[in-house]
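> heads up, no residue letters with this:
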């Protein structure tokens, strides 16, 4: 009962009051309030039912179970690995030909976020360093391409490694002063760093052209062929698919290496980590630098995709979205981050059907997600080193 | 015989508090040395100072790895101390809880490995061989310590006694010539303490690793150690063999308090 009253109060301003600007009068839609009250009342029972089920079910949350049963996620992945892989690749390849340019562009944006998410996953998910200024490296990458192109006419393919390198450089620049910090303190410093970069870009007119940004950034070329608009967006889509695959490959390899192990150990216990002979400075800096490398690369891609950049694209909100991608998807989990990026970027687009309630529904989904699946959509089931006694062989399991 | 660990006049000051007051201590090869003292005497601070976690205010820490020259490790980083062959365990267990037992030991091998970023990404032959070797070595260490049954368990799921042993295994994986154990028997039952006793002797005798340990379990200390140092309020109040220490009135005073004749 209280719940429904609370919801009635919460939604009062948006659902009940409507200001008619044409006739300058306020419309009161009381019927809606009753409707919300009743539905909140019933929904609270559904809510409690799920919570109870989750509590009794222990680790396996009810919605998680439901999803698992509905899609047979693990089953499909384990038993039909090849089939799933083939179907998935067909969908990926056929996507731009089946859907409109609009859809392809949205997908490209989502893929940029997949790359960003995977990069941030190194810093946050593996090394456990909460970075709220990740967007700064994204901006560095984007502006590297835009400015190099503007001043020296450097093309996309050359700018891509330069942008990545610039990202890594700034990663180390930020990494050095914050080596001693952890957790909340680190988060605040990185937040400040992100804002500094944005403010510099906004105010240093001679250098970055300020808030008006840089326009006419060329799209990626392909041996000098000029594409039509739709071909260009398809090309960019495939380019992004390729780079996403590269990112997944590299991040996976890193995760399963000596360096990846050191990152995880650093996340688990910093002092023990040092006492076991791991160089904290070096390990943290590599995490920052490698994370920032992907952001720099994603920045170049972003600049090439939109052909216009200004500081407004690199606000704190972007950092938060990327962090959400990682947390929502499942920290440290590659599949999780990919799903997280797709959900977070595609959902608001496809929720356009709800028009003005779009962000409300979006927010609601996030809240529900975090309550019922706190580990993320696809929680990290880390591959661990398995030791088989009879074969004395290193085997990995998912 | 030359000491392999030589600590000279080590002083550590935290603001106005003198935690260690020019402490001098040495450990010779193949020796088990115990450092005892009442709670808050500065034993763990001493460990933190010589392993580089704290930077001592004054004094020198010198080590002599077998077959090498004596070096001063005063004020260098903890990871470099470990690299030079002095490994430690912690009083309150500091394992990597979400990593498996095998992975915990593999972290210990980290500083003896070389693979870099390029090696990780391209996974060339030498990296693969190194990884394989590390798994092999780590498993052998676990086998020796008797933890191989837990090899694929997460460290946090281990029984308490096994966690203590895993810390020792992890420290041994760094190939030390001296092992610093900070209260290895804390919280163990008599059976586990007995096993630990055997383990420490075995480490010294078979693995040829010298041991410096902090311990409160007097039975363990007296039966194991070749020599004992007693500290109180950061000052060394006695040193000698277990028999000497047992009879030392200063030690009894520090532990039991003074007789107060009214």
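Cool, the structure landed. On a predicted model such as this, the values are computed, not experimentally measured, just so you know.
> host element of residue 39?
Using chain A. Secondary structure here is read from DSSP states H and E; on that basis residue A:39 sits in helix A:30-56.
> now do the contacts for residue A:265.
A:272-273, A:276, A:278, B:96, B:99, B:107, B:110 (Cβ atoms under 8 Å, 6 or more residues apart in numbering or on different chains). To be clear about C-beta, it is placed using only N, CA and C from the backbone, and glycine gets the same treatment.
> please tell me how far it sits from residue B:99.
As defined by Cβ to Cβ, to the nearest Å, residue A:265 lies at a distance of 7 Å from residue B:99.
> so for these two, which residues contact both of them?
Counting by Cβ under 8 Å, 6+ apart, the contacts common to residue A:265 and residue B:99 are residue B:107.
> would you agree residue B:55 falls within a helix?
No: read with DSSP: H, G, I helix; E, B strand; the rest coil, residue B:55 is coil and lies in no helix.
> ok, the closest residue to it other than its chain neighbours - how many residues close by?
With Cβ to Cβ, 6 or more residues apart in numbering or on different chains as the measure, residue B:75 is the residue that lies nearest to residue B:55, at 5.0 Å, once sequence neighbours are left out. For residue B:75, the number of neighbouring residues by other Cβ atoms under 10 Å in any protein chain shown comes to 12.
> give me the low-pLDDT residue ranges for the stretch 201-350 of chain A?
Scanning the stretch 201-350 of chain A for pLDDT under 70 picks out A:221-227.
> for chain B, what are the nearby residues on it?
By the criterion of Cβ under 8 Å from any Cβ of the partner chain, the positions of the stretch 201-350 of chain A lying close to chain B are A:250, A:253-254, A:256-262, A:264-265, A:268-269, A:271-280, A:286, A:290.
> what about the residue lying closest to residue A:139 once chain neighbours are set aside, how many neighbours?
Counting by Cβ to Cβ, 6+ apart, the nearest residue to residue A:139 once its immediate chain neighbours are dropped is residue A:314, at 3.9 Å. Look at residue A:314: counted by other Cβ under 10 Å, it has 25 neighbours.
> contacting residues for residue A:314?
Neighbour list for residue A:314: A:135-136, A:138-139, A:142, A:194, A:197-198, A:201 [criterion: Cβ under 8 Å, 6+ apart].
> chain center to the helix holding residue A:39, what's the gap?
Distance of helix A:30-56 from the chain centroid (Cα atoms, centre = their mean, to the nearest Å) equals 31 Å.
> show me what it is packed against.
Counting contacts by 3 or more Cβ pairs under 8 Å, 6 or more residues apart in numbering or on different chains; DSSP states H and E, helix A:30-56 packs against helix A:2-10, helix A:62-71, helix A:358-372.
> please enumerate the strands of the stretch 101-250 of chain B.
Counting by DSSP state E, counting those that start in this stretch, the stretch 101-250 of chain B has strands at residues B:178-182, B:210-214, B:227-232, B:235-240.
> keep only those of the contacts of residue A:265 that are in helices.
Residues from the contacts of residue A:265 lying in helices, with DSSP state H as the criterion: A:272-273, B:107.
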